[in-house]
Structures are given as C-alpha cells and as structure tokens.
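Q: Based on what follows, work out the 3D shape:
(2 chains)
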Amino acid sequence: MARARVRYVWVPVVLTAIALAAGFAWVHWTQSGPGTGLYSRLWSPEPVQGWWDPGAFYRPVQSVAGVFEASQCLQCHEAITPGIVADWRDSRHSRPTDRAPVACPECHGADHQALRLPTPEVCGGCHVKQHGELLDERRYGFPSHVLAMERAVDAKHFADKPKAEVQACVQCHSVATKCDSCHTRHRFDPAEARRPEACITCHSGPPHPDDDTYFASAHGKRYLAEGDAWDWSKPLAKGNYEVPTCAYCHMEGGRHQVAQKSLWKFGLLEVNPHTSGNRVLRERWVAVCTDCHDAAQSRTWLADLDAERKAAWRMLYGAEDLLKELRADDLLHPGTAERPPYPLDDPGGLWAKARVGYFEGQASAFYNVSAIERGYFEMWYFDNLGAYKAAAHGDAAGVQRGHAAMAAAFAEIQAEAATLRALGAAEQSKDGRRHDPGDLWLAGPYTELNRERN
Amino acid sequence: MGTAQRADTAVAEGPFTQDECVECHAARDPALVAQWRTGPHASTADCVACHSERHGGLPAARADAACTGCHDGAVAHSYATSKHGVLVRIGRPDWMRPLQRGLHRAPGCAYCHLHDREHGDSMDAARGPAVREWVCSGCHAPRYVREQLDAGARLLEVAGLKVQEAEQIAARHPMGGIASADLLASARRHARNVRLGAGHQSPDYQWWHGQPALDGDLIRLRDAVARAAREAAGAARVETDSPSARRENATPLSGAGR
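A: Down below sits the predicted model:
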C-alpha cells in the first residue's frame, strides 16, 4: 500500500522532469539555427545583417592581416575613411579629461582579422550605468528598446518574407544591439543624442508618427523655433531646457530605459490605466510634467489620453466584430484555402488553423489577407496609432485627424461587409457555393517567391 | 577650391544672367559646364537656380536648402529622416568647405549627388558602383559600403517583383488594365519610396512607405479583379434570371449556366 502511494509521487516527478528536459531541449533546438530567436532554424541572415546585429552576425574582414596600435590605425584610415577619423578626433573619446584616449583598438580590438563591431557590451565596459539601465529595461517587457531586436526576428512575417525585404526592419530594431542608433558614430556626442531628431529616423512614419506629432505640439513648435540656440551639453534635468524633448520625458535624467514610464505600451495594448501598477506610472508622468506644469493640470491631460484611448478601442472593437462575423459566415474573400497561408502556418499540418479575419497578432496581418482585413490593419496600425501618438504628444489636430480617419475606415469596413454579405448571399442562392477565385491570390512572381522560401 | 578660384581673379559681384555665367565659366572650367549640360539639371536648373545671380553664393549652393526647394516631398523627407539628414540638420555644417571626403560630419544632398564639384549626378546608377563606393567610403568601411549597396539592390529587386505582380494582376481585370490604373500608379509610387529609402538610408521609406504599402496595393488590385469577376457573374446571373432569359434557357437547368 505504502509502495503504491510512493508511485503517485515519483511517476509525476519523473514525467515532469522528462517534460521539462524535453522542453528545454526543444527551445534550444529551435534557437540553434543559422538565424536567431524562436524561428532561427527557418531563416539565414543576409550578409548585411552583421552590421545591424554585430553580436550575432558580424564577421571580421580577412583582407588585412596584422595587429595594430591606434596610431597605425589612424595613419591608414585617415586615407581610407577620413570622415570617421575626423569624427573621432572631434569626440570626447579622443581627449577624455579623466583617462587615456579611447582609441580604435579599445572598441574594435587590435587584430585586424579578428576585429569586432562594438555591441552594447563593449560600450558597457566603461559606460556601466547606461548599459546596466538598458539591460534592466527587460523587466518592463515589450515595447522597449532592449527587446527590440528579439521581437523583430521573432515576428512571423520576419521569418516568412524574403530576408532582403525584412532587412528594412532590423535597421531600426538594432537599437537593442548597438549604441550608435542614438549616439551616432564616431562622435558619440550626448548633445546629439539629446535632440529630438536623434529619434526620428525610426520614430516616424504611419504607425508611429512621433516626429510629426511632437513637432506639431506646443513643445515641438517651440523647439523648432528656438532649439538650435540651446545648450545641448546640459543634462536632461529640470530647469535646463525651455521645453521637453523626446529624451527629456522618455529618458528622464538620461536614464537609458524608455519603457520605464510606458503606460499605454506604444498604443499597442489596451490597458486599464488605473491598476495599482499603472497608478505608479501615472505619478511618474505627473512628476515629469510638474517640472513645468501644475500637477492637477498634468492629471487632466493624462485623463484626456485615457479618454482618447477608450474611444479608439471602442471603434476598433466595432470593426473587429464585423470581421469575426464575416469569418464565421465564410464570407471573406479569399478564404483560407484560396490565399497563401498565414506566415509560418502549415495548412495541411497537425495543428492547422484557419487564420482569416481578426486574430491575435495583427502585426502580421498586412499581407496574404483580403481587402477588408487589410483595411482593418490600416485602421488599427496607421489611423489608431497615429491618433494615440498625437494624443500623447499634445497634438490636438492630429487626434482629430486620426479619429476622423478611423471613423471613415470603420464606415468603409461596414459598407464593405454589407457588400460581401449581399454578394455571398446572391452566389449561395443561385450557385449554391462560394465564388471561386482560381489562382488569383496565389500566383505572381513575388507571392510565389515568398511561398517557395516559406 | 571655390575659394581659391575666387581669390585668383577679381570679379564683379553681379548680378549676372545665365548666359553671362556660362560664357565666363565655360572658358574657366569647361569640364564643369559640360557636366551640367549633359546632366539631369541641364533643362531644369540653370546656374542661378542654385547659385543665385551673384558671386559669393557658393556655400548656400552646397547646403541642402538649395535642393529642397525643388526636390521636396518623398525625396526630401526620406533624406531628412535618415541619420545623414538628421546629422546635417542638427549639426552646424561648414558649407565653406569643399564637398570632399573627410571634410563633413555627414553628407548633405550635394555631398553625394554633386560630390567634389561634380555637376552631373555622382549617384546616377549609370555612373556605376565605383563612384558610389568612393563617396560612401569616405566615412564607411569599404565592405560595409559594398554590402549596403548589395542589400539595397536586393531590396529593390523585391519591390520590382511586387510591381511585376501588380501588372500581372491588373492584366487579369475583366475591364482591362486601365481599370486598375490608379492602383498600379500607387504600386509604382511605393516602389519609388523603396528606392528612395534604400538610396537615402531611410528605414521608414524602405518599410512603411515602401514594402508593406506595396503589399496593400497587391491586395487591393486582387480585390478589384475578384470583385469585378463576381459582379460580372452576378450580372450574368441577373440576366439569366429575367423572365425572357429564363424562357430561352428553359431546358438546360444543370450547372448554374456559368
């Protein structure tokens, strides 16, 4: 009897141990391919990706052999790449006040056939506080700078699309894998990184018009008019700047954690802004705003943003419901079998899913979908996120434009849904089946290339 | 270079007409004037358009503002949001310096396109990759430049495939290609954005204004073709449904008659 009871203990323990080991082995196996991340076995990097994610993919050039000192590096590179030598000479690295110069070999190594392209770890060798803050940003989850590259390559459309095409993604997502996204080489001047323009190469465009919405705000207008004359060598602290810039609010006091006050999560998540955790975040915002503004006024602005988000999500859910109904009634054209599969899905596989209409992971729903789904993607990703950015940055006209665009997109989706229902009903009653699009959604040089690589 | 030339002879300040500029400079610097005459600006921008009608305007002609008056929209925006554009915007470029390697923190428009007194277009694809490699490698490692140029070419190939696909879909429209003219134009505009994004190193133009925008064009084109086919089938059905048509088709009731 006692022996039998012992079995109730050790059998589950052994099974759990086996399952855990198998789980770890599986994760290790999936991540040990030529690429990186969850789908590393499904893709190989382009040669150029080494410059965006040097820690994973940089390979030193083999055409020059030798171990060099800084003076020798400079002698050659003054002729080969004079621009970066001039930049370095103008940088604090070339003439620090508290130590010997930080010259080429300190960051790149001295053996020319084993050169490295500096990763945040290399910079962190000296800039310990900033590097530590960056690494610690992980605890705020995504969206954040430190997780940007991981999340880019773990997107299904990254694994799915031609690697030449998605190199466009890693240029911005490299903010996690090297420091010169903001601290432009080879001057690495904090005065440059503090200015709003340091952010706009990535924080621009339809899903995140941070540049346009900030420059249209009262803060941004004042910056544009007067900012060139300000002393940008001053730290991002109260009293040093007439108006806040991107980094003043998002990297308060130079803290290298943009996600530290992230309340509405880049607009990507619907959140309850009044959980106990989010109340802490709200007070962090109020603390920044009260460098210049009244605390009560700051809370009102935060409440305005909450209201804007609530209205936006209401419209998104309205559109989403229509798509779900169309999916349930098999009225989306093309249907599952008539379109290329959702990225990385195997329609004939063991866990085949019919991912049409709305589903989790909107970010992947911009291709291989029907027109009404694409319309929803654009409403979600462009109009909605644009409105959010405008609301968060104090661009009232931008909020109005965004919500007008959302309303127009919603009306279009409603009209389109009605048309799809009418067409579908007519075809069912007369022909007894769906319209057959043939290979319309499956043929074409790009679509075929993408499928072959899939 | 420009400063040296100004110093060697005393010339009047101006103003000068275009003919007067060319008359004098064709003698002083025939190669430069020939480049302008055979370059893209020959019919669109004369000397005074960039240099004003007075001497002493050389620094202003080197600055980005000299170009963006005409080259606005996607061309200017793709550059302005690139790292190069940002550094020129927030730096204090010394436009007295010639547009040569090692003399500028970041390239402005003219640094690349009118490099070192070039008066054609140094970035013209027809000039071949060697010119670009020389200009870019003033600051970037030679292998970096080659790999970036290759990556740009492959990115454009992908965009090219999408435009090809768009043309093939448009050709399937029951009303002919003309029915999809707007959508085709949109696809070509987005492919141009990809090119501007690659050339100006703007990830935003390569991606959001480029590749996914092209994906959207393909979806809308296919939808237009499918919709036209469905509506045509519906119209045919309505015809078969009308009493007169039904009489004619009374006997064969099989298979929906499509």
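Q: So A:T30 sits against A:R41, correct?
A: Yes: A:T30 is within contact range of A:R41, at 6.1 Å (criterion: C-beta atoms under 8 Å). From N, CA and C alone the C-beta is placed, and that goes for glycine too.
Q: And for A:D304, the neighbour number?
A: 14 (other C-beta atoms under 10 Å in any protein chain shown).
Q: And the helices in the stretch 101-250 of chain A?
A: A:104-108, A:120-124, A:128-136, A:148-153, A:156-160, A:163-173, A:190-193, A:197-200, A:210-216, A:218-226, A:246-250 (DSSP state H, counting those that start in this stretch).
Q: oh sorry, the question was meant for the stretch 51-200 of chain B
A: Under DSSP H, counting those that start in this stretch, the stretch 51-200 of chain B gives helices at B:58-62, B:65-68, B:73-80, B:83-90, B:109-113, B:129-136, B:142-171, B:181-200.
Q: residues from the stretch 101-250 of chain A in reach of chain B?
A: Counting by C-beta under 8 Å from any C-beta of the partner chain, the stretch 101-250 of chain A comes close to chain B at A:162, A:164-165, A:167-169, A:171-172, A:184, A:187, A:192, A:195, A:197-198, A:200-202, A:204-207, A:211, A:228.
Q: Go ahead and build a ChimeraX selection from the buried members of those residues.
A: A single ChimeraX command is used to select the members of those judged buried by 16 or more other C-beta atoms under 10 Å in any protein chain shown:
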select /A:162,164,165,167,168,169,171,172,184,187,192,195,197,198,200,201,202,204,205,206,207,211
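Q: Count the neighbours of the residue in the stretch 101-250 of chain B positioned nearest to chain A for me.
A: When scored by C-beta to the nearest C-beta, the stretch 101-250 of chain B has B:G102 as its residue closest to chain A, at 2.8 Å. Using other C-beta under 10 Å, the number of residues around B:G102 comes to 16.
Q: Same check on B:G69?
A: 11.
Q: So what's the predicted local confidence for it?
A: We have a pLDDT of 93 for B:G69.
Q: And it, how close does it get to chain A?
A: 19 Å (C-beta to the nearest C-beta, to the nearest Å).
Q: Tell me how many other residues crowd A:T419.
A: By other C-beta under 10 Å, 15 other residues sit near A:T419.
Q: any idea how far it lies from A:L322?
A: In this view, A:T419 and A:L322 are 12 Å apart by C-beta to C-beta, to the nearest Å.
Q: Residues that sit against both of these two, list them.
A: In terms of C-beta atoms under 8 Å, 6 or more residues apart in numbering or on different chains, A:T419 and A:L322 are not both contacted by any residue.
Q: what stretches of chain B score poorly on pLDDT?
A: B:1-10, B:237-258 (pLDDT under 70).
Q: what about 90?
A: B:1-14, B:56-58, B:92, B:125-129, B:174-179, B:232-258 (pLDDT under 90).
Q: still on that earlier bit, how about a markdown table for the helices of the stretch 101-250 of chain A, with mean pLDDT added?
A: Below are the helices of the stretch 101-250 of chain A laid out as a markdown table (pLDDT from 0 to 100):
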| stretch | mean pLDDT |
| --- | --- |
| helix A:104-108 | 97 |
| helix A:120-124 | 98 |
| helix A:128-136 | 98 |
| helix A:148-153 | 96 |
| helix A:156-160 | 91 |
| helix A:163-173 | 96 |
| helix A:190-193 | 95 |
| helix A:197-200 | 97 |
| helix A:210-216 | 98 |
| helix A:218-226 | 97 |
| helix A:246-250 | 97 |
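Q: shaky segments in chain A?
A: If you take pLDDT under 90 as the line, chain A has these spans: A:1-8, A:156, A:267-270, A:320, A:324, A:327-328, A:335-337, A:340-365, A:450-454.
Q: one more time with 80
A: A:1-4, A:346-364, A:452-454 (pLDDT under 80).
Q: For whichever residue of it sits closest to chain B, grab the count of nearby residues.
A: At 2.8 Å from chain B, A:P82 is the closest residue in chain A, using C-beta to the nearest C-beta. By the criterion of other C-beta under 10 Å, A:P82 has 17 neighbours.
Q: residues contacting the nearest residue to it once chain neighbours are set aside?
A: Nearest residue to A:P82 in three dimensions, chain neighbours excluded: B:G102, at 2.8 Å (C-beta to C-beta, 6 or more residues apart in numbering or on different chains). Applying C-beta under 8 Å, 6+ apart to B:G102 gives the contacts A:78, A:82-83, A:85-86, B:138.
Q: and if you look at A:P54?
A: A:116-119, A:177-178.
Q: can you check A:T177 too?
A: Counting by C-beta under 8 Å, 6+ apart, the residues that A:T177 touches are A:52-56, A:119-120, A:149.
Q: try it again with 6 Å
A: A:53, A:55, A:149 (C-beta atoms under 6 Å, 6 or more residues apart in numbering or on different chains).
Q: Can you name the residues of the stretch 51-200 of chain B that neighbour chain A?
A: Residues of the stretch 51-200 of chain B lying near chain A by C-beta under 6 Å from any C-beta of the partner chain: B:81, B:83, B:86, B:89-90, B:101-102, B:138-139, B:143, B:147, B:151, B:154-155, B:158, B:161-162, B:164-165, B:168.
Q: quick one on the thing from earlier: mind putting the helices of the stretch 51-200 of chain B into a markdown table with mean neighbour count?
A: Shown next, in a markdown table, are the helices of the stretch 51-200 of chain B (neighbours: other C-beta atoms under 10 Å in any protein chain shown):
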| stretch | mean neighbour count |
| --- | --- |
| helix B:58-62 | 18 |
| helix B:65-68 | 18 |
| helix B:73-80 | 20 |
| helix B:83-90 | 22 |
| helix B:109-113 | 22 |
| helix B:129-136 | 17 |
| helix B:142-171 | 19 |
| helix B:181-200 | 20 |
